[in-house]
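Peer 1: all I have is the shape, not the residue letters:
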């Protein structure tokens with residue numbers, strides 16, 4: 001499942017996408033540049049509550065919540081500015 005969205009970065013609208021990915025935890029959401037699929041942010045379900053939430057929550061809501069968190073915490077801008085993948089928990 002992939003959800004496309006836009007965000008203003010550096011004064012310009014940037015096309016992004018978020019998808020569920022595989023990893024060491026049951027669920028994680030990966031946010032990437034839509035045109036190159038370059039990974040910017042990885043949000044992992046960690047700990048008991050995070051894992052439980054990822055298991056029972058609707059995938060669309062999980063992705064939407066991850067996008068909101070990444071935007072609110074400035075993770076996407078930081079990834080673009082530094083060139084380093086930003087990691088956080090869901």
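Peer 2: In hand now; what should we look at? Fair warning: this is a prediction, and the values are worked out from it, not measured in the lab.
Peer 1: isn't residue 17 right up against residue 4?
Peer 2: Yes: using Cβ atoms under 8 Å, residue 17 is in contact with residue 4, at 5.0 Å. Every residue, glycine included, has its C-beta placed from N, CA and C.
Peer 1: overlap of the contact sets of those two?
Peer 2: Common neighbours of residue 17 and residue 4 are listed as residue 34 (criterion: Cβ atoms under 8 Å, 6 or more residues apart in numbering).
Peer 1: who's more crowded, these two?
Peer 2: residue 17 (17 against 10; other Cβ atoms under 10 Å).
Peer 1: downstream of the worst-scoring helix or strand of the chain on mean pLDDT, the next helix or strand is which one?
Peer 2: Lowest on mean pLDDT, DSSP states H and E among the helices and strands of the chain sits helix 47-56, with a mean of 70. As assigned by DSSP states H and E, the chain's next helix or strand after helix 47-56 is helix 59-72.
Peer 1: angle of the next helix or strand after that following helix against helix 59-72?
Peer 2: Elements were assigned by DSSP H and E; along the chain past helix 59-72, the next helix or strand is helix 75-82. Calculated by axes from the mean of the first three to the mean of the last three Cα atoms, to 10 degrees, helix 75-82 forms an angle of 50 degrees with helix 59-72.
Peer 1: could you pull up the mean pLDDT of helix 75-82?
Peer 2: For helix 75-82, mean pLDDT is 95.
Peer 1: list the neighbours of it that are in contact with it.
Peer 2: The contact list for helix 75-82, computed with Cβ under 8 Å, 6+ apart, reads 7, 9-10, 14, 16, 31, 40-41, 69-70, 84-86, 88.
Peer 1: report the contact partners of the most centrally placed residue in the chain.
Peer 2: Centroid-nearest residue in the chain: residue 31, 3.9 Å away (criterion: Cα atoms, centre = their mean). Contact analysis of residue 31 by Cβ under 8 Å, 6+ apart lists 16-18, 39-43, 66-67, 70, 75-76.
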